[in-house]
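Peer 1: Here is a sequence with its predicted model. Questions after.
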Amino acid sequence: MIASFILRALEGKIVVAVAILLGVAILVPALNLLTPPDSALHIPTYAMALFGKYLCYALLALALDLVWGYCGILSLGHGAFFALGGYAMGMYLMRQIGSRGVYGNPILPDFMVFLNWKELPWFWHGFDWFVFAMAMVLLVPGLLAFVFGWFAFRSRVNGVYLSIITQAMTYALMLAFFRNDMGFGGNNGLTDFKDILGFPVQADGTRAVLFAMSAIMLSLCLVVASAITRSKFGKVLVGVRDAESRVRFLGFRVENIKLFTFVVSAMFAGIAGALFVPQVGIINPGEFAPANSIEVVVWTAVGGRGTLIGPIIGAVLVNGGKSFFTGAFPEFWLFALGGLFIAVTLFLPKGIVGTIQHGYRTRKAHKAAAEAEKGRDAPASIAQAAE
Amino acid sequence: MNTIAETRTKSLLYLENVSVSFDGFKAINSLSFVVEPGELRAIIGPNGAGKTTMMDIITGKTRPDSGTVLFEDSIDLTKKDEADIAQLGIGRKFQKPTVFESHTVWDNLELALNRDRGVFSTLFYTLSPEDKARIEEILETIRLTHRKDEYAANLSHGQKQWLEIGMLLAQEPKLLLVDEPVAGMTDAETAETALLLKEIAKTRSVVVVEHDMGFIRDLGVKVTCLAEGSVLAEGSIDFVSSDPKVIENYLGR
């Protein structure tokens, strides 16, 4: 049962994407660690860290595609799940600092000493244990998505209203996390990390492993997402997107379908956040900013929603563009991003991957039509594409 | 003529004194209406007579303000939602054909198939030989076997109507509510649809809402005429269409 579920996921495009990601997971760290810095093949550490960041963003975009591209839920608050996963990882990393902080307190992180706190708040307990922290990376975003989705989907909040309340959710969390007495470091967030699982976070070797993990987790989540969307459940999802009432009158519980997808997607986003934090070295409430969540929507739309691969490509391309622009013409980046979104909406409504797929089908259809004109029967597969 | 109390014991669907109003407008006004098992029933009436609202009430989309709605004499439909009611065995076809346009004809039927609809059973679902045979059988019935691998978006209007009827069949309902199945169909398609519905009604109850009097004559079944939210007349098509109230309210206009 599980085997056929996973096997179904391994369709042509997905296999290629996974192979590329796994290749990147091996090749990039190898070129970083094994080649001398003056070699033409050498990948500098800053470039690897930057690209690792893109992979985390790609996973976040994949998570959004699952709910937006397949289920039609436009979440403008996915950054919140990403940030929560990041905070769970950040809390683990803070606890690893131990007495090496500025104040040298063996129990309390620096910001708590600074606030004159005497003991660790209850919700920080357990985070010194890696397995617990990793469980929280999944559970905290998953739980928030569950509670949020439970109320929203049961009350049949749809369309733009749902988008607005997801936006409100991430904004509310941002304001809450900015407060010092929340116990998450206020506006400075969590930073100055030292070790992860006993390895120094800044070391080249650790960075290489984190990079490889990002690529591996991305391909794992891609396979899971593909398995979900290619199952009968995935067809129901698309049904919910295109004709929700039909699905309801067929006897499906639409609220449960949406809830499951939303929770899985939030967990993907949490994983992305957890991999992001050790690579950039900081997590602060800025990650909850509504604008971040909207950017994810842009990546997904540019790559092509409802394609799984598209959002990954979109996230890498747009962020690559951002890195280039903010270096070369810093003041133009926001205009470029806005212009890109408008251009994609106007000229490539299906996104990059969606347009390529569409073009491929159209070409096959043209071929079939040309054959038919010559009076020859087109092969069955072409005839189908022609319809 | 039977009183409602006498038909009470053998009804499949039973509505008594059902009323619902939207912002003070009484869409349904103490409507009483009974469908027996195996019956094919036609409903006519002017626009705004409450035909679609009645279907909304039966399928759980709208809650009535007052009145009784019973399925199989015992199940109170006013307490249930759309998914529950669909699982009980009431299927509904919308006025405008509503199929999953970005799925193939085959997938549309597969989704509609009366199987466990939980999240995890659909995640791990694999097409069994029985299910395959059932889908092929339905494709045959709705005359779409040759187009099974095509996207539903590419079907003609009439074929979409049939596909939706096929999806309802796949649901294996005890009662089928069909809202204007021949709107926008050619005469030939209309005649074929009448045959199809009569075929379907052999094994289950069907309620058809329709404006097309020729089509209703083709069906040759008991007709209920609604107006302003209540039943105006009920009986054979000739009986109903000669009723002066029906002529004044509906046919005459």
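Peer 2: Right, received. Where do you want to start? Numbers count the residues shown, from 1 in each chain, chains lettered A, B, ... in the order given.
Peer 1: Let's check: the centremost residue of chain A is which one?
Peer 2: The residue at the geometric middle of chain A, judged as the C-alpha nearest the mean C-alpha position with C-alpha atoms, centre = their mean, is A:L60 (0.9 Å).
Peer 1: you'd agree A:L66 is in a helix?
Peer 2: Yes - following the definition DSSP: H, G, I helix; E, B strand; the rest coil, A:L66 is counted among the residues of a helix.
Peer 1: residues touching it, list them.
Peer 2: A:A225, A:I228, A:T229, A:T261, A:V264, A:S265, A:F268 (C-beta atoms under 8 Å, 6 or more residues apart in numbering or on different chains). All C-beta spots, glycine's among them, are computed from the backbone N, C-alpha and C.
Peer 1: Among these, which ones lie close to chain B?
Peer 2: The subset of these within reach of chain B, by C-beta under 8 Å from any C-beta of the partner chain, is A:I228.
Peer 1: Farthest pair within the contacts of A:L66?
Peer 2: Maximum pairwise distance among the contacts of A:L66 (C-beta to C-beta): 12.9 Å, between A:T229 and A:F268.
Peer 1: Neighbour count for these two, which is higher?
Peer 2: With other C-beta atoms under 10 Å in any protein chain shown as the criterion, A:T229 and A:F268 differ in neighbour count, and A:F268 comes out ahead with 33 against 24.
Peer 1: Just give the closest residue to the more buried one, not the sequence neighbours.
Peer 2: Nearest non-adjacent residue to A:F268, counting by C-beta to C-beta, 6 or more residues apart in numbering or on different chains: A:A63, 3.6 Å away.
Peer 1: show me what contacts that neighbour?
Peer 2: A:H78, A:F81, A:C221, A:S265, A:A266, A:F268, A:A269, A:A272.
Peer 1: Out of the residues you listed, which is nearest to chain B?
Peer 2: Distance from chain B was checked for each of those by C-beta to the nearest C-beta. The minimum falls on A:S265, at 14.0 Å.
Peer 1: Flag every residue of chain B that's near chain A.
Peer 2: Counting by C-beta under 8 Å from any C-beta, the residues of chain B lying close to chain A are B:59, B:61, B:82-83, B:86-87, B:91-92, B:94, B:98-103, B:107, B:110-112, B:114, B:117-119, B:122-126, B:149-151, B:154, B:167, B:171.
Peer 1: What is the subsequent helix or strand relative to the one helix or strand B:A27 maps to?
Peer 2: With secondary structure defined by DSSP states H and E, B:A27 is part of strand B:25-35. Next in sequence after strand B:25-35, counting helices and strands by DSSP H and E, comes strand B:40-44.
Peer 1: nearest residue to the residue in chain A positioned nearest to chain B other than its sequence neighbours?
Peer 2: Chain B sits closest to A:G251 of chain A, with a gap of 3.4 Å, by C-beta to the nearest C-beta. Excluding the flanking residues, the one nearest A:G251 by C-beta to C-beta, 6+ apart is B:A86, at 3.4 Å.
Peer 1: Quickly note the distance from that neighbour to B:N114.
Peer 2: For B:A86, the distance to B:N114 equals 9 Å [C-beta to C-beta, to the nearest Å].
Peer 1: Return every residue with contacts to both of those two.
Peer 2: Taking C-beta under 8 Å, 6+ apart as the contact rule, B:A86 and B:N114 both touch A:G251, B:Q171.
Peer 1: So for these two, which sits in the more crowded spot?
Peer 2: Regarding B:A86 and B:N114, a neighbour count based on other C-beta under 10 Å identifies B:A86 as having more, with 26 against 18.
Peer 1: From B:I58, how far out is the more buried one?
Peer 2: Using C-beta to C-beta, which is the criterion applied here, B:A86 is 11 Å from B:I58.
Peer 1: Same question for A:F211.
Peer 2: 59 Å.
Peer 1: residue contacts, B:V240?
Peer 2: When contacts are counted by C-beta under 8 Å, 6+ apart, B:V240 touches B:I44, B:V223, B:T224, B:C225, B:A233, B:E234, B:V246.
Peer 1: Centroid-nearest residue for chain B?
Peer 2: B:L177 (1.1 Å).
Peer 1: Show me what from the stretch 1-150 of chain A comes close to chain B.
Peer 2: By C-beta under 8 Å from any C-beta, the residues of the stretch 1-150 of chain A that approach chain B are A:M1, A:I2, A:S4, A:F5.
Peer 1: can you pick the most crowded of these?
Peer 2: Result: A:F5 is most packed of the residues of the stretch 1-150 of chain A next to chain B (other C-beta under 10 Å), 18 neighbours.
Peer 1: got the contact list for that residue?
Peer 2: With contact taken as C-beta under 8 Å, 6+ apart, A:F5 is in contact with A:A227, A:S231, B:L123, B:F124.
Peer 1: on that earlier part again, the contacts of A:L66 in helices, which ones?
Peer 2: The subset of these located in helices under the criterion DSSP state H comprises A:A225, A:I228, A:T229, A:T261, A:V264, A:S265, A:F268.
Peer 1: Highest neighbour count among these?
Peer 2: The most neighbours, when these are compared by other C-beta under 10 Å, belong to A:F268, which has 33 neighbours.
Peer 1: which other helices and strands contact the strand holding B:A27?
Peer 2: Of the remaining helices and strands, those touching strand B:25-35 by 3 or more C-beta pairs under 8 Å, 6 or more residues apart in numbering or on different chains; DSSP states H and E are helix B:4-7, strand B:13-22, helix B:51-58, strand B:230-235.
Peer 1: Alright, calling it a day.
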